[in-house]
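Structure, please.
(one chain, ligands or ions: 2)
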Amino acid sequence: MSKEEINLPPIAGPFVQSLRSIGYSLDAAVADLVDNSISAKCHEVHIRALWRNSKPMLWMSDDGEGMSPDELASAMQLGAVGPDAVRDKKDLGRFGLGLKTASFSQCKTLHVISRDSDQVEWCGLTWDLDFVAKTNKWSVLKLNTNDIESLISDLDFSPNVGTHVIWEEFDQAVDATALNGEKDFNNNLAHLKDHLAITFHRFIRPRSELDRIKIFFNGSEVKPRDPFAEFPISDKDPSSVVEEDEIRLMADAGETRVKIKSYVLPHPSLVSSEYKTRINGEGTDYYSGQGIYIYRAGRLISYGSWLRIVRNAETNKLARIQIDFENDADGLWQIDVKKSRVNLPSSLKSKIREVIKRTTKKSSRTFNRRAQMSSFDSSPIWQRVYDKDNKAVAYKLNHENDLVNALIAGLNDEQKVLMKLVEKTIPVELIKNDIAANELTSEREVGDEVIMIVEKLMQCGFDKDVIKETLLGDSNLGLKKEMVDKLLKDMV
Ligand SMILES: Nc1ncnc2c1ncn2[C@@H]1O[C@H](COP(=O)(O)OP(=O)(O)OP(=O)(O)O)[C@@H](O)[C@H]1O
Ligand SMILES: [Mg+2]
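Ligands and ions are numbered 1, 2, ... in the order given. Below you'll find the predicted structure:
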């Protein structure tokens, strides 16, 4: 039975307004544009974001393959290429929407100017959302040579072929409630730069297994943020790879591969503070990046959580798991338009749970081994004691140490109870946080406090060798033998 058709095309004005609220952050929107440049086989991407005439602006230029006028028109059309189209393995696109949806989410005027190697001149088109709202037409505006010239004349990157994306009326760059728009904009840009550093870290790192590109942000090259500490600085330890595996799954287009690689980061005392920043970014602690990192065709999609497979825990904090899937399995992973979220296929969950278990076991061993080292020292003041029955770790004063022994012997019963209280209330969590956040070094100078302690101990009649053994025996003091020898020599 044939049915009457009623044609209900979207109404352009309200529809594009709604599209603006699809939920992109500035970071995700710019990353979507970089995806396009990478898919167009660029070598360099230059992003310029400026506060100009009391307004924010953003330009993005690449030296990729560029587009002919027809290709540009198709690129500007919403959904000209659907999600079912077969794509090149290295293509980071899927929905035929990103350029438009990402840009509309941030600005009301989008200019795209492009040229491929067959064209003599640049061509350019503009989406002006105020014009769309006024006319209710799905129409872009064609840029003439003068418009193009004036839009790209002051760009500091001018490739022979490639694409320039320009955002004007960039009204989402600043929080409407911000007291100082320019400051808010600059804060957002700092975050954006860091987001690009991690999202594309495998494309921008020197020893890339992918086609290497360079991203420049306001003139300076974006350095990769490598969450796995795979390439540490000079003499520092790299992270250890616990295991690598490849799993085959059935996707809509046939068999697809998922690669899993798990790492345990080096203990924080083994990496420099510079490297900690390169792993986790400015102002975050060394452990905050535990979890699963999911990549699609080498580009990071989601990170920083265990995806509810296991909990964030002390024992997991050095563990990171890298999962790679290819762009032929987008349906299986339920990737979203913004490329910022995926659903782990349920057939993978139990496998990944096993990998996490093995990796976190190694992560906690790395920690405990370092912590235990102090108990192998000759005569530390503190001892780490593991209570097997209660599966708990405690820190206690070491009665074998001559100084501790002498102190305890001189205490009355009440004072001994107080001493027990001190032992029981060591703020272990706070100390751990401080070490992670403040980059406390394990090697220190001999401070005034240490000199005062040594003086007092000598006055009390303690043997020089006992004092020396104690100072060196406790790695928490972080003193070198030469320093202690010199100190004791100076004081005798
Ligand atoms: N910088 C660029 N260089 C060359 N071609 C581009 C560029 N940006 C976009 N295009 C072309 O425009 C098309 C549409 O881009 P758009 O980002 O809207 O969708 P997509 O990348 O195909 O898919 P997705 O919605 O997943 O991003 C691309 O498929 C590509 O052909
Ligand atoms: Mg795209």
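
C-alpha from now on. contacts and neighbour counts both.
OK.

Any idea which helix or strand in this structure has the lowest mean pLDDT?
helix 428-438 (a mean of 65; mean pLDDT, DSSP states H and E).

Hmm, Cys107 is touching Ile166, no?
No: counting by Cα atoms under 8 Å, Cys107 does not reach Ile166; the two are 9.6 Å apart.

packing partners for the next helix or strand after the least confident helix or strand of the chain?
Using DSSP states H and E, the next helix or strand after helix 428-438 towards the C-terminus is helix 448-459. With contacts taken as 3 or more Cα pairs under 8 Å, 6 or more residues apart in numbering; DSSP states H and E, helix 448-459 sits against helix 464-473.

Quick one: distance of the helix it packs on to the chain centre.
Chain-centre distance of helix 464-473: 44 Å, with Cα atoms, centre = their mean, to the nearest Å.

What of stretch 290-306?
9 Å.

is that stretch anywhere near ligand 2?
No: when contact is scored as Cα under 5 Å from the ion, no part of stretch 290-306 falls within range of ligand 2; the minimum is 12.7 Å.

tell me the mean pLDDT over that stretch?
Stretch 290-306 carries an average pLDDT of 94.

likewise stretch 325-333?
Throughout stretch 325-333, pLDDT has a mean value of 92.

The most centrally placed residue in the chain - nearest residue in space that isn't next to it in sequence?
Note on the chain: the residue nearest the mean C-alpha position is Ile198, at 4.6 Å, using Cα atoms, centre = their mean. Closest residue to Ile198 apart from its sequence neighbours, by Cα to Cα, 6 or more residues apart in numbering: Arg225 at 4.8 Å.

contacting residues around stretch 44-52?
34, 37, 56-64, 157, 182, 185, 189, 213-219 (Cα atoms under 8 Å, 6 or more residues apart in numbering).

The residue nearest to the centre of the chain against Val222, yeah?
No: Ile198 is beyond contact range of Val222, at 9.7 Å (criterion: Cα under 8 Å).

sorry, back to before: from Gly291, how far out is the residue nearest to Ile198?
Here the distance between Arg225 and Gly291 works out to 16 Å (Cα to Cα, to the nearest Å).

Over to Asp91?
As judged by Cα to Cα, Asp91 and Gly291 stand 26 Å apart.

And for Phe203?
Taking Cα to Cα, one finds Phe203 at 21 Å from Gly291.

again with Glu4
Counting by Cα to Cα, the gap from Glu4 to Gly291 is 53 Å.

When those two are compared, which one has more neighbours?
Applying other Cα atoms under 10 Å to Glu4 and Gly291 shows that Gly291 carries more neighbours, namely 25 against 6.

can I assume the more buried one is in contact with Ile321?
Yes: using Cα under 8 Å, Gly291 makes contact with Ile321 at a distance of 6.3 Å.

Show me what residue of the stretch 251-400 of the chain gets nearest to ligand 1.
For the stretch 251-400 of the chain, the nearest residue to ligand 1 under the criterion Cα to the nearest ligand atom is Val337, separated by 5.9 Å.

Tell me the spacing between that residue and Ser350.
Per Cα to Cα, Val337 is found 27 Å from Ser350.

out of those two, which sits in the busier spot?
Legend: neighbour count by other Cα under 10 Å for Val337 and Ser350, higher for Val337 (19 against 11).

Got phi/psi on the more buried one?
phi -60, psi -40 (degrees, to the nearest 10).

and what of Tyr295?
Backbone torsions of Tyr295, given as degrees, to the nearest 10, read phi -120, psi 140.

before we move on, what about Val484?
Per-residue torsions, Val484: phi -70, psi -40 (degrees, to the nearest 10).

What about the contacts of stretch 44-52, which are in helices?
Counted as lying in helices by DSSP state H, out of those, are Val34, Ser37, Glu182, Phe185, Leu189.

Out of those residues, which are close to ligand 1?
By Cα under 6 Å from any ligand atom, the members of these lying near ligand 1 are Ser37.

closest to ligand 1 among the ones in helices among the contacts of stretch 44-52?
The closest of those to ligand 1 turns out to be Ser37 (Cα to the nearest ligand atom; 4.1 Å).

Quick one: name the residues of the chain near ligand 2.
Asn36, Gly93, Gly98.

burial measure for the last one, as a count.
Other residues within reach of Gly98 by the criterion other Cα under 10 Å amount to 24.

which residues touch the residue lying closest to it once chain neighbours are set aside?
Excluding the flanking residues, the one nearest Gly98 by Cα to Cα, 6+ apart is Asp32, at 6.0 Å. If a contact means Cα under 8 Å, 6+ apart, then Asp32 has Gly98, Leu99, Ala102, Lys338, Lys339 as its contacts.

distance of Phe217 from ligand 1?
16 Å (Cα to the nearest ligand atom, to the nearest Å).

Name the nearest residue to that residue, sequence neighbours excluded.
Ile47 (4.9 Å).

export the helix or strand that contains the one you found as PDB, just CAs?
Taking DSSP H and E as the criterion, Ile47 maps to strand 44-52. Output of strand 44-52 as PDB, limited to C-alpha atoms (Å, rounded to 0.1, in the frame of the first residue of the first chain):
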ATOM      1  CA  GLU A  44      52.400  21.000   9.100                       C
ATOM      2  CA  VAL A  45      49.400  22.500  10.800                       C
ATOM      3  CA  HIS A  46      49.700  26.100  12.000                       C
ATOM      4  CA  ILE A  47      47.100  27.400  14.500                       C
ATOM      5  CA  ARG A  48      46.900  31.100  15.300                       C
ATOM      6  CA  ALA A  49      44.500  32.300  18.000                       C
ATOM      7  CA  LEU A  50      44.600  35.900  18.800                       C
ATOM      8  CA  TRP A  51      42.700  38.500  20.700                       C
ATOM      9  CA  ARG A  52      42.200  41.200  18.000                       C
END
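
can you tell me the average pLDDT over that strand?
Mean predicted confidence for strand 44-52 is 95.

can I get the CA coordinates of stretch 58-69 in CSV?
Extracted as CSV, the C-alpha positions of stretch 58-69 are listed here (Å, rounded to 0.1, in the frame of the first residue of the first chain):
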residue,chain,number,x,y,z
LEU,A,58,41.3,31.7,15.1
TRP,A,59,43.1,30.6,11.9
MET,A,60,44.2,27.1,11.1
SER,A,61,46.3,26.4,8.0
ASP,A,62,47.7,23.2,6.7
ASP,A,63,49.9,22.2,3.8
GLY,A,64,47.8,19.1,3.0
GLU,A,65,46.4,18.1,-0.4
GLY,A,66,43.9,21.0,-0.5
MET,A,67,40.6,21.0,-2.4
SER,A,68,39.3,21.9,-5.8
PRO,A,69,36.3,24.3,-5.9
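
and it, does that touch ligand 1?
Yes: Stretch 58-69 lies within reach of ligand 1 by Cα under 6 Å from any ligand atom, at Gly64, Glu65, Gly66, Met67.
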